[in-house]
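Trainee: task: produce atomic coordinates for the following.
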Amino acid sequence: MKDILIISNYYPPEKGAAANRIEQLALKLDQNGYNVSVISPLPNYPKGELFPEYKGRFSVIEKIQNITLKRLWIYPSNSSNIFKRIVSTLSFSTTLFFYLLFAKIPKKVIVQSPPLLLSFTAVLALGLRRKKIILNVSDLWPTAAIELGVLKKNSISHKFLLFIERFIYRKANHIFGQSNEIIDHIHSIFPEKKCFLYRNYPDHFIENILEEKQNLNEPIKLFYAGLLGVAQGVFELIQELDLKNLNIELHIFGDGAEKNQILNFLEKNQNEKIIFHGMLERNILHEALQNLDIALVPLKTRIYGSVPSKIFEYSALGFPVLYFGGGEGENIVEENNLGWVVPVEDFKNLNDTLKQISEFGKKEIQIMKNTIFLHAKSHFNLDEQMKKLIENNAF
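Mentor: Numbering: from 1, shown residues only. Coordinates of the predicted model:
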């Protein structure tokens with residue numbers, strides 16, 4: 001059996017796209033005959049505190065769904081204090097570095113990036129031990145940090161992160177990129193580097209979610225489900241939405257840095273058409289979504305290289321997508337007829353599009369759901385993608 005190790009900053013029972021993405025990769029490799037192990041921090045995301053069952057532990061080894069999990073110590077924090085965040089990242093990076101130097105590990109290792117500091121630490125240690133490094137790049141940093149305004153261009157921090165970025169690309173044997181833009185960016189630096197497109201396709205196609213359970217006389221139910229962070233910009237979005245005279249509700253599911261701002265805003269601005277549900281377990285969320293109609297996928301600004309995995313996730317559940325994020329995601333939604341595209345940060349256009357949707361009708365949306373579900377099933381297939389990667393010796 002072929003052994004392979006995955007290094008990631010997130011893994012279930014943590015919630016979110018990053019944890020789900022790595023779990024799916026691990027499970028698919030296992031299904032294809034690999035002996036898979038994963039190294040990640042003790043679970044602490046998104047609240048920045050250790051999950052109760054892991055408190056007081058320095059490290060944990062466990063086996064879940066045939067995947068061997070090695071969870072290492074971290075000083076957890078989701079504080080807005082940059083110093084505490086750096087200390088948190090450094091704590092796990094340091095533990096990881098020494099583990100990789102001295103522990104018995106497979107010859108092939110997949111390293112998730114970002115976070116850059118973590119991937120740098122892993123690549124450095126693995127390089128010293130002459131391991132085969134497969135870098136899995138899901139977002140471009142520090143480019144994304146500049147576009148989000150959390151890092152100043154040409155600052156010392158920016159230059160340091162640019163050095164790290166180039167270091168990990170150079171040392172990787174080959175690279176997975178979740179978008180064509182990521183691969184183009186890497187090839188602009190290292191033209192000869194072998195890269196593979198690895199989309200964040202889901203591993204679920206739930207037929208019964210398409211059953212017509214909705215009352216056609218109810219409002220059209222738009223929903224956002226996911227991280228409530230700076231990159232998504234949900235807090236700004238709800239301030240700009242004008243649902244007053246529309247046959248539309250917005251349902252929000254999730255947790256994150258903007259949660260309290262959103263709750264405070266909704267408390268001060270009573271709006272029966274915006275309903276906050278909080279964070280739900282994935283299976284419970286899918287159950288709740290059966291009564292909803294359209295998935296909202298926003299980004300605060302156009303982030304080069306970023307393609308939200310929600311585009312594929314909700315298409316696989318048969319939901320039309322209202323995409324408000326720019327970049328390569330726009331092309332995917334338009335080319336696959338997955339729903340509506342609104343230029344990023346254009347709130348006037350967003351409200352105009354919502355007016356069109358309000359007049360569209362729930363019966364027409366149900367027809368769209370069935371069409372999108374069948375398209376996603378044949379075009380966004382994780383098993384087929386994995387099969388092609390294995391055939392091309394990507395692992």
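Trainee: from here on, just use CA atoms for contacts and neighbour counts.
Mentor: Will do.
Trainee: gap between the residue lying closest to Ala145 once chain neighbours are set aside and Leu135?
Mentor: Once flanking residues are discounted, Ala145 sits nearest to Leu151: 5.4 Å by Cα to Cα, 6 or more residues apart in numbering. The gap separating Leu151 from Leu135 is 24 Å, by Cα to Cα, to the nearest Å.
Trainee: neighbour-wise, which of these two wins?
Mentor: Leu135 (26 against 16; other Cα atoms under 10 Å).
Trainee: list the contacts of the more buried one.
Mentor: 110-113, 168-169, 172-176 (Cα atoms under 8 Å, 6 or more residues apart in numbering).
Trainee: in strands, which of the residues you listed fall?
Mentor: 110-113, 174-176 (DSSP state E).
Trainee: how about low-confidence regions in the stretch 51-200 of the chain?
Mentor: Along the stretch 51-200 of the chain, the model assigns pLDDT under 70 to residues 80.
Trainee: what's the spacing between Phe253 and Ala225?
Mentor: For Phe253 relative to Ala225 (Cα to Cα), the value is 4 Å.
Trainee: who has more neighbours, these two?
Mentor: More crowded of Phe253 and Ala225, by other Cα under 10 Å: Ala225, with 21 against 17.
Trainee: where do the strands sit along the stretch 251-395 of the chain?
Mentor: 274-278, 294-298, 321-324, 339-341 (DSSP state E, counting those that start in this stretch).
Trainee: reformat the ones you listed as a markdown table; add distance to Ile82 and mean pLDDT.
Mentor: Output for the strands of the stretch 251-395 of the chain, formatted as a markdown table (distance: least, Cα to Cα, whole Å; pLDDT from 0 to 100):
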| stretch | distance to Ile82 | mean pLDDT |
| --- | --- | --- |
| strand 274-278 | 26 | 91 |
| strand 294-298 | 25 | 95 |
| strand 321-324 | 29 | 96 |
| strand 339-341 | 35 | 96 |
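Trainee: contacts made by stretch 341-349 with the rest, please.
Mentor: So stretch 341-349 is contacted by 237, 240-241, 298-302, 322-326, 330, 333-334, 350, 353 (Cα under 8 Å, 6+ apart).
Trainee: any idea how far stretch 143-161 is from the chain center?
Mentor: Put simply, stretch 143-161 sits 21 Å off its chain's centre (Cα atoms, centre = their mean, to the nearest Å).
Trainee: one more: stretch 91-102?
Mentor: Computed by Cα atoms, centre = their mean, the separation of stretch 91-102 from the middle of its chain amounts to 25 Å.
Trainee: buried stuff in that stretch?
Mentor: Of all the residues in stretch 91-102, those buried under the rule 16 or more other Cα atoms under 10 Å are 91-93, 95-97, 99-101.
Trainee: what do you get for stretch 113-131?
Mentor: So, applying 16+ other Cα under 10 Å, buried residues of stretch 113-131: 113-127, 131.
Trainee: again, but for stretch 40-60
Mentor: Buried positions in stretch 40-60, judged by neighbour count with 16+ other Cα under 10 Å: 40-47, 49-50, 54.
Trainee: which among the contacts of stretch 341-349 end up buried?
Mentor: Among the contacts of stretch 341-349, those buried by neighbour count (16+ other Cα under 10 Å) are 298-302, 322-326, 330, 333, 350.
Trainee: from these, pick the one nearest Leu29.
Mentor: Closest approach to Leu29 among these (Cα to Cα): Val333, at 28.2 Å.
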